[in-house]
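Asker: Sequence plus predicted model, see below.
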There are 2 protein chains.
Amino acid sequence: MEKYSTGVRLFKALADPGRLMIVDMLSCGELCACVILKKFDITQPTLSHHMKILCDCGLVKGRKEGKWIYYSLDKTVVDDFKAILTEITSAKVCCSRREEVCCEVICR
Amino acid sequence: MEKYSTGVRLFKALADPGRLMIVDMLSCGELCACVILKKFDITQPTLSHHMKILCDCGLVKGRKEGKWIYYSLDKTVVDDFKAILTEITSAKVCCSRREEVCCEVICR
DNA sequence: ACAACGCATAGATGTTTGTCAATATTTATT
DNA sequence: AATAAATATTGACAAACATCTATGCGTTGT
């Protein structure tokens, strides 16, 4: 089950409308946290919390410049994410070795 | 923010190791609920709960046959899901109309 | 008709999550 | 040095969630 831990962390990160919108905004490029904050009806600590979750899973990187932090998407991790979704949802090798025993379909 | 409701429901559906594994299993094709259950260390009601979540977001369909239910992935919704992830993470039209005003980067 | 089986639903419970107010930390400005 | 601004951290709290036990419902087979 640990096999899915990376995927779960990524899916969890986007399982929130606020974070989905943040990622949507960042897709256009780097943004300062203060700018993101203005687009929302949330407090600054809440935004900070969301950014931490997005950074912890690797999807977003923060670049500190003076007292500001500029956030941006990590395209590599985005691609990894897409690959995970594709991997999870597409047929794999095991499928060719299926055995049907009444209700007992085993995929090993 | 309602713009993201479909996406959030999909990401939430996969934000659980158990459900991720179920989808992984179903990627090989249709499976009876009882078979999925045997692969897990969860009770039958818990599985039923997970299947409901997966069905409610459209990712999985259930086909009833006698006393069994055969679950399978809905490839169309899977593709929609991939499209949403791509849409959310890739640059859009608004990006070309950016204005930089100090920390005030506005993406409209 | 009855018992057994597969699955769903209801209700209870502990855990996780999103949010906030208050406070700390770091950097820039005066 | 003092103040202000941007962000992070802490602690509290309510809502959402995953899980279980108990039970209900439909189907199959005796």
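Answerer: Here it is on my side, so go on.
Asker: Close to DNA strand C: what parts of chain A are there?
Answerer: Within reach of DNA strand C by Cβ under 7 Å from any atom of the strand, chain A has these residues: A:12, A:15-16, A:18, A:41-46, A:49-50, A:53, A:66-67, A:103. Backbone N, C-alpha and C define where each C-beta goes, glycine included.
Asker: now the helix of greatest length in chain A and helix B:75-89, what's the angle there?
Answerer: If you go by DSSP state H, chain A has its longest helix at helix A:75-89. Orientation check (axes from the mean of the first three to the mean of the last three Cα atoms, to 10 degrees): helix A:75-89 against helix B:75-89 gives 170 degrees.
Asker: buried set for helix A:75-89?
Answerer: For helix A:75-89, burial by neighbour count (16 or more other Cβ atoms under 10 Å in any protein chain shown) applies to A:Val77, A:Val78, A:Asp80, A:Phe81, A:Ile84, A:Leu85, A:Ile88, A:Thr89.
Asker: Next: stretch A:20-31.
Answerer: Buried-residue list, stretch A:20-31, by 16+ other Cβ under 10 Å: A:Leu20, A:Met21, A:Ile22, A:Val23, A:Asp24, A:Met25, A:Leu26, A:Ser27, A:Cys28, A:Leu31.
Asker: And for stretch A:59-76?
Answerer: Going by neighbour count (16+ other Cβ under 10 Å), the buried part of stretch A:59-76 is A:Leu59, A:Val60, A:Ile69, A:Tyr70, A:Tyr71, A:Leu73, A:Asp74.
Asker: how far does that stretch stretch from start to finish?
Answerer: Start-to-end span of stretch A:59-76 (Cα to Cα, to the nearest Å) is 8 Å.
Asker: That stretch - what's its average pLDDT?
Answerer: What stretch A:59-76 shows for mean pLDDT is 96.
Asker: and if you look at stretch A:82-89?
Answerer: Stretch A:82-89 comes out with an average pLDDT of 97.
Asker: hmm, who's touching it?
Answerer: Stretch A:82-89 is contacted by residues A:6-7, A:10, B:14, B:20, B:23-24, B:27, B:73, B:78, B:81-82, B:85-86 when judged by Cβ atoms under 8 Å, 6 or more residues apart in numbering or on different chains.
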